[in-house]
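> model this:
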Amino acid sequence: MDRDGLKKQACAAIDAMASDLISASHDIHANPELAFNEHFAHGLLTDRIEAAGLSVERGACGLDTAFISEFGEAGVEVGILSEYDALPGIGHACGHNIIATSGLGATLALSKLGANLPGRVRYLGTPAEEAGNGKEIMARQGAFDGLDTAMMVHPAGVNLMTMPSVAMNEVRVTYTGKSAHASAMPFAGVNALDALVTAYQSVAQLRQHIRQNERIHGIFNEAGLAPNIVPDRAVGTFYVRASDGMALADLKARVKNCFEAGALASGCDVEIQWALGDYLEIKDCWPLAERYKVNAESLGRSFFPLDKLPTTGAGSTDMGNVSHRVPSIHPMIACAPPHVVIHNPEFAKFAGSETGDAAVIDGAKALAMTAIDAMTDDQLMRDARDQFAETADLSAKAIAHAWHDDGDAALGGCGCC
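Residues are numbered from 1 along each chain as shown. From the prediction side, this is the model:
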């Protein structure tokens with residue numbers, strides 16, 4: 001069967017299962033779960049995989065809510081990814097129910113090609129994108145080893161070839177001093193709040209001398225118990241963002257100096273706790289992204305020009321970490337009006353609406369067709385590999401800097417925000 005015939009068969013399979021995919025999307029949307037606790041979504045997706053006659057490894061890579069399913073014969077191996085965690089308080093305001101079920105639909109459609117499938121598929125359920133950097137954890141367990149390409153689609157207010165992104169990490173700083181009566185014996189105290197205030201002011205001063213595409217923003221979590229007690233503990237949490245992984249490594253070192261300055265000035269002890277892994281910027285595979293665009297346009301989707309996007313609009317995602325290991329794409333599919341942005345309660349409504357349902361079906365079809373292109377077009381994959389190789393050394397360095405063995409899995413930022 002030729003390429004066009006395979007695409008038509010895959011799309012027909014998605015149409016045939018459309019009601020089931022939409023039902024699954026609504027079920028996940030109605031049961032939002034936070035990072036590393038996506039037990040309902042994990043169960044629903046893995047049950048659907050097994051019901052289609054495919055094997056699946058539940059609890060993959062040491063994560064209770066991760067999974068991996070593989071099928072197909074020799075050839076180009078395509079990774080298709082699903083995310084399914086939600087946000088605190090606002091549920092699926094990032095539309096991960098759409099990501100989950102578009103990935104499921106593409107995978108099941110490719111499996112229905114049977115002996116005509118011209119390559120291999122590895123379907124990966126990747127928890128904890130919004131916080132915890134699940135894909136980096138899975139990557140360090142070999143989840144993406146051997147793939148020729150990886151792909152997923154993310155909902156948005158417009159159709160885009162990629163998500164503008166930056167690298168980021170989250171850091172918690174804890175100062176420990178000594179309490180004392182603030183009026184009677186202030187000289188006996190060591191003020192942890194002073195340390196945090198000094199650090200915050202140092203970060204504010206640093207902000208004047210960083211690049212326009214770099215960001216540092218933070219809050220005070222603990223700042224004392226009562227005005228008449230010298231605070232013996234103060235805690236702050238900060239996000240640090242930069243254009244890419246190496247720039248982030250440099251900026252993190254400068255932020256660390258600010259935190260240490262607070263401790264030195266006040267006499268406090270300081271604990272600086274980074275998240276386990278950096279969220280790296282997306283390294284776009286443009287040959288594959290262009291092919292995804294063509295496939296999505298064949299479904300009636302029109303794309304917003306990337307060069308017309310505001311230069312300040314960029315988020316972070318652990319799909320970036322995958323993209324530095326294997327040629328990858330992370331296109332955006334419209335499920336809401338352009339003025340409705342992700343991580344907004346209104347976006348959650350659209351993620352469970354008819355426009356969200358359309359994104360599930362079109363996203364599944366576009367992914368399946370792009371996977372078929374990767375499996376059948378040798379020149380496409382040569383171009384993808386050649387482009388990836390141009391910056392492979394930088395990717396290797398970014399990956400090496402993107403992990404903290406002493407990091408905190410409870411940290412990790414806020415995914416695509």
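
> does anything pack onto whatever helix or strand residue 27 lives in? Which helices or strands?
Of the helices and strands defined by DSSP states H and E, residue 27 is found in helix 18-30. With contacts defined as 3 or more Cβ pairs under 8 Å, 6 or more residues apart in numbering; DSSP states H and E, the packing partners of helix 18-30 are helix 39-51, helix 96-111, helix 354-376. Just so you know, the C-beta spots here come from the backbone N, C-alpha and C atoms, and that holds for glycine as well.

> and residue 152, what does it touch?
80-83, 99, 103, 319, 329-330, 367 (Cβ atoms under 8 Å, 6 or more residues apart in numbering).

> go ahead and confirm residue 249 touches residue 401.
Yes: the criterion here is Cβ atoms under 8 Å, and residue 249 meets it with residue 401 at 4.2 Å.

> that older thread, give me the angle between the helix holding residue 27 and helix 39-51.
160 degrees (axes from the mean of the first three to the mean of the last three Cα atoms, to 10 degrees).

> give me the contact list for helix 18-30.
The contact list for helix 18-30 (Cβ under 8 Å, 6+ apart) reads 14, 40-41, 44-45, 48, 84, 91-92, 96-98, 100-102, 104-105, 348, 351-352, 356-357, 360-361, 364.

> just stretch 244-252 next, same as before
Here stretch 244-252 has contacts from 166-169, 171, 210-211, 214, 216, 240-242, 274, 278, 280-281, 324, 394, 397-399, 401-402, using Cβ under 8 Å, 6+ apart.

> buried ones in that stretch?
Judged by neighbour count using 16 or more other Cβ atoms under 10 Å, the buried positions of stretch 244-252 are 244-249, 251-252.

> likewise stretch 351-359?
In stretch 351-359, counting by 16+ other Cβ under 10 Å, buried: 351-352, 356-359.

> between the helix holding residue 27 and helix 96-111, how many degrees?
Using the same axes, to 10 degrees: helix 18-30 against helix 96-111 is 150 degrees.

> what angle separates helix 18-30 from helix 354-376?
Going by the same axes, to 10 degrees, helix 18-30 makes 120 degrees with helix 354-376.

> off-centre distance for helix 18-30?
For helix 18-30, the distance from its own C-alpha centre to the chain's C-alpha centre is 22 Å (Cα atoms, centre = their mean, to the nearest Å).

> how about stretch 269-282?
15 Å.

> before we move on, back to that, give me the common contacts of residue 249 and residue 401.
Common neighbours of residue 249 and residue 401 (Cβ under 8 Å, 6+ apart) are residue 278.

> hmm, back to that, can you check which of the helices and strands packed on helix 18-30 gets nearest to residue 266?
Smallest distance to residue 266 across the helices and strands packed on helix 18-30 (Cβ to Cβ): 41.9 Å, for helix 96-111.

> quick check: buried residues in the very next helix or strand once past that closest one?
The element immediately downstream of helix 96-111 (helix or strand, assigned by DSSP H and E) is strand 120-125. Within strand 120-125, the residues scored as buried using 16+ other Cβ under 10 Å are 120-125.

> just stretch 211-231 next, same as before
Along stretch 211-231, these residues count as buried under the neighbour rule (16+ other Cβ under 10 Å): 214-216, 218, 224, 230-231.

> and that stretch, what's its mean pLDDT?
Taken as a whole, stretch 211-231 carries a mean pLDDT of 94.

> other residues contacting that stretch?
Residues outside stretch 211-231 that contact it (Cβ under 8 Å, 6+ apart): 166, 172, 177-183, 186, 188-193, 196, 200, 203, 206-207, 210, 233-243, 247, 251, 255, 314.

> check stretch 58-73 too.
36-39, 41-42, 45-46, 49, 54-57, 107, 110-111, 117, 119-128, 134, 137-138, 141-143.

> format the CA atom coordinates belonging to it as CSV.
Below are the C-alpha coordinates for stretch 58-73, written out as CSV (Å, rounded to 0.1, in the frame of the first residue of the first chain):
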residue,chain,number,x,y,z
ARG,A,58,2.3,-0.2,33.3
GLY,A,59,4.4,1.8,35.8
ALA,A,60,7.2,2.1,33.3
CYS,A,61,10.6,3.7,34.2
GLY,A,62,9.9,3.4,37.9
LEU,A,63,7.0,5.9,37.7
ASP,A,64,3.6,4.5,38.8
THR,A,65,1.7,6.5,36.2
ALA,A,66,3.9,6.1,33.2
PHE,A,67,3.5,3.4,30.5
ILE,A,68,5.1,2.2,27.3
SER,A,69,3.6,0.1,24.5
GLU,A,70,5.5,-1.0,21.4
PHE,A,71,4.6,-2.7,18.2
GLY,A,72,5.6,-3.1,14.5
GLU,A,73,8.4,-4.7,12.6
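
> run through the helices of the protein in chain order.
Along the chain, counting by DSSP state H, helices occupy 3-16, 18-30, 39-51, 96-111, 134-139, 192-207, 245-266, 286-297, 319-323, 345-351, 354-376, 378-390, 392-401.

> thank you, goodbye.
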